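Asks: Test case, fold it:
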Amino acid sequence: MTRMLADMPASPTDTEALVWPEDAIEVGCILDAWGVKGWIKVQAYSADAEALFSSRRWFLRQPEGALPALAKAGFKSAAPRLLKILAIREHGEGIVASVQGVADRNSAEALRGARIFISRAAFPSADPNEYYWVDLIGLNVVNRQGEALGTVEGLIDAGPHSVLRITPPGMVAPIKPELERLVPFVATFVDDVDLEQRQITVDWGLDY
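Replies: Below is the predicted model of the structure:
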């Protein structure tokens, strides 16, 4: 599957001021160059990589020590920068992309290790009763009796479904794994997700 993104500026050396989005979410990283024409190989942090496919603007933060490699590719600093995506497609179990202004393997290799961020506003709309992990992290969790179970610290991909990792009240993350509450994120146990109220209601006892 290849997706060509239209309405791209003509200039390959975009000098517009970079405005880092306040709602930037880290969604992946650049693994390496792919081929000899400037394509890059990308690792998505989620099994559902629609956010990468839906946005033509990727914001990068370079890893430590990246400046020498960037200088060879003609970049003046390792400061955050904007990539404009010309094409993106699935390749095997990964993703490859063509970037404006990156036309050869050396330039693509200079981006190796960069962390990819995308504005949350650019994410495609989720289907009813589906949620992005990033929207669940930080939500308060209560049970049907109104008892507080804690705060969602993260999620675990358990194959058929995800599992909420909950830090109990009075504890500060990170905590030992055995102290976390783990609640399967399935309809059997999850009654309601209210993003506006930042609360998840579950059928789960304090002593489970």
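Asks: Isn't residue 164 up against residue 182?
Replies: Yes: at 7.0 Å, residue 164 and residue 182 qualify as touching, with contact defined as CB atoms under 8 Å. Any C-beta I mention is one placed from the backbone N, CA and C, and that applies to glycine too.
Asks: quick one, which of those two is more surrounded?
Replies: A direct count of neighbours by other CB atoms under 10 Å for residue 164 and residue 182 places residue 164 higher, at 27 against 14.
Asks: Beta-bridge partners for the more buried one, please?
Replies: residue 155, residue 183 (DSSP bridges).
Asks: so who does residue 180 touch?
Replies: Shown in contact with residue 180 (CB atoms under 8 Å, 6 or more residues apart in numbering): 153, 165, 166, 167, 168.
Asks: give the contact list for the first one.
Replies: Under the criterion of CB under 8 Å, 6+ apart, the neighbours of residue 153 are 137, 165, 166, 167, 173, 174, 180.
Asks: rewinding a little: drop anything exposed from the contacts of residue 180.
Replies: 153, 165, 166, 167 (16 or more other CB atoms under 10 Å).
Asks: Of these, which belong to strands?
Replies: 153, 165, 166, 167 (DSSP state E).
Asks: which one of the residues you listed is nearest residue 142?
Replies: residue 166 (10.7 Å; CB to CB).
Asks: doesn't residue 141 make contact with the closest one?
Replies: Yes: counting by CB under 8 Å, residue 166 touches residue 141, with 5.4 Å between them.
Asks: Quick check: the farthest pair among the contacts of residue 180?
Replies: Going by CB to CB, the pair spanning the contacts of residue 180 furthest: 165 and 168, at 11.1 Å.
Asks: Overlap in contacts, these two.
Replies: With CB under 8 Å, 6+ apart, residue 165 and residue 168 have common neighbours 180, 181.
Asks: in stretch 155-171, what's buried?
Replies: Buried-residue list, stretch 155-171, by 16+ other CB under 10 Å: 155, 162, 163, 164, 165, 166, 167.
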